[in-house]
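S.K.: no sequence on hand, only this structure:
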């Protein structure tokens, strides 16, 4: 298999931009109209997510061992769309047809064989992972909405309780679908450590142009039934009893998984009398979006916890002002600690830059990386993953 030819050919195709997914979906839906119902009604947000993710993964098949866990997770994730083995063949045929169309004379028999072989390897990993997961877990869990509390103009705290036992770790994320926006799955991180009653607390902030976040904040009601996917992600997960000191840096509702970890630590402290030192920096554009400030200020009564609120867009704010990552980096509170960072992709990138520029070792900074494989929170069949709501 000529991996250089795969990469070079994909680079050529990618130059055609939006024309690539338009051709791909047209071919897929014309060839197999029964697949259309598996995708969101509005395809405007879909764009190049599917074909782009496939192109990047398949054209870098020589790194398959390195990304196998990610590809396996994709396979498990897509069970909730009722994706079965035969669908992969149909998608693969449309992918090859798209490549042939945009490569023209450069599409040779040898290149076609290489692309088919590479796609076959990726599809096999996904199918096998899905089949294995199906032996022990459902494709999704139904959950009842217990309450929806509008905390601020654009932030709501939603309590849900799965109808079946549902397992996750503090710091993980779960896929979420509401009947208000069918087939538009978003990832949210529970803001609580697991509870005896099984309920989860989700923090949802309206995103400009978001189809899902706005519907949840404005229209979701107690008594609604939603669906949850299996928990994913381990970059923000802390092992029970780990005594490494932490600096936590959150932007907006990126606070949620870090709050779950704080709850885990607080439980250990109450039971065992020991906890690592934690300094949390929570940033928002305006003061009223520091929606958990009262709870966090109260938690500072713990000898192990410190909290700094940061506002970027209000010059009258009496506390720390600026980008939360910049404030955290200047504080030097990261020295000798591990950093947990969560927020929008832009916030995470900025914070990483600030921390490393200040001298923090890159290996000491943890954040969710599974977004980097090609998704931004929109999860139609066979698309890449991410955490948080970027609807």
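M.R.: Yes, it's here. Worth saying up front: this structure is predicted, and the values here are computed from it rather than measured.

S.K.: distance of residue 201 relative to residue 254?
M.R.: 15 Å (C-beta to C-beta, to the nearest Å). For glycine as for every other residue, the C-beta is placed from the backbone atoms N, C-alpha and C.

S.K.: these two: who's more crowded?
M.R.: Neighbours around residue 201 and residue 254, counted as other C-beta atoms under 10 Å, are more numerous at residue 254. The numbers are 28 against 21.

S.K.: now that one, what's its secondary structure?
M.R.: At residue 254 the chain is in helix, as set by DSSP: H, G, I helix; E, B strand; the rest coil.

S.K.: can you map out the strands along the stretch 151-300 of the chain?
M.R.: Remark: strands assigned in the stretch 151-300 of the chain by DSSP state E, counting those that start in this stretch are 155-162, 174-177, 186-188, 200-205, 225-228, 246-251, 278-284.

S.K.: and the fourth one, what other elements does it pack with?
M.R.: The criterion is 3 or more C-beta pairs under 8 Å, 6 or more residues apart in numbering; DSSP states H and E, and the helices and strands that strand 200-205 contacts are strand 155-162, strand 186-188, helix 213-219, helix 255-272.

S.K.: just checking, which helix or strand succeeds the lowest-mean-pLDDT helix or strand in the chain along the chain?
M.R.: Counting by mean pLDDT, DSSP states H and E, the chain has its least confident helix or strand at helix 49-59, which shows a mean of 67. Heading C-terminal from helix 49-59, the first helix or strand you meet, by DSSP states H and E, is helix 64-77.

S.K.: what sits against residue 238?
M.R.: Going by C-beta atoms under 8 Å, 6 or more residues apart in numbering, residue 238 touches 170-171, 246, 261, 264-265.

S.K.: before we move on, what about residue 301?
M.R.: With contact set as C-beta under 8 Å, 6+ apart, residue 301 has no partners.

S.K.: and residue 238, how close does it get to residue 135?
M.R.: With distances taken as C-beta to C-beta, residue 238 is found 29 Å from residue 135.

S.K.: next: residue 99.
M.R.: For residue 99, the distance to residue 135 (C-beta to C-beta) stands at 35 Å.

S.K.: neighbour-wise, which of those two wins?
M.R.: Higher neighbour count among residue 99 and residue 135: residue 99, with 26 against 6, using other C-beta under 10 Å.

S.K.: how about the contacts of residue 238, which pair is most distant?
M.R.: Taking C-beta to C-beta, the two most distant members of the contacts of residue 238 are 170 and 246; they sit 12.5 Å apart.

S.K.: now the common contact residues for the two.
M.R.: Joint contacts of residue 170 and residue 246 (C-beta under 8 Å, 6+ apart) are 238, 261.

S.K.: work out for me the element residue 313 sits within.
M.R.: In this assignment (DSSP H and E), residue 313 forms part of neither any helix nor any strand.

S.K.: what's near enough to touch it?
M.R.: Shown in contact with residue 313 (C-beta under 8 Å, 6+ apart): 285-286.

S.K.: start the count at 488 instead of 1 going forward.
M.R.: Renumbered: residue one is now 488, and that last one reads residue 800.

S.K.: distance check, residue 691 against residue 740.
M.R.: 7 Å.
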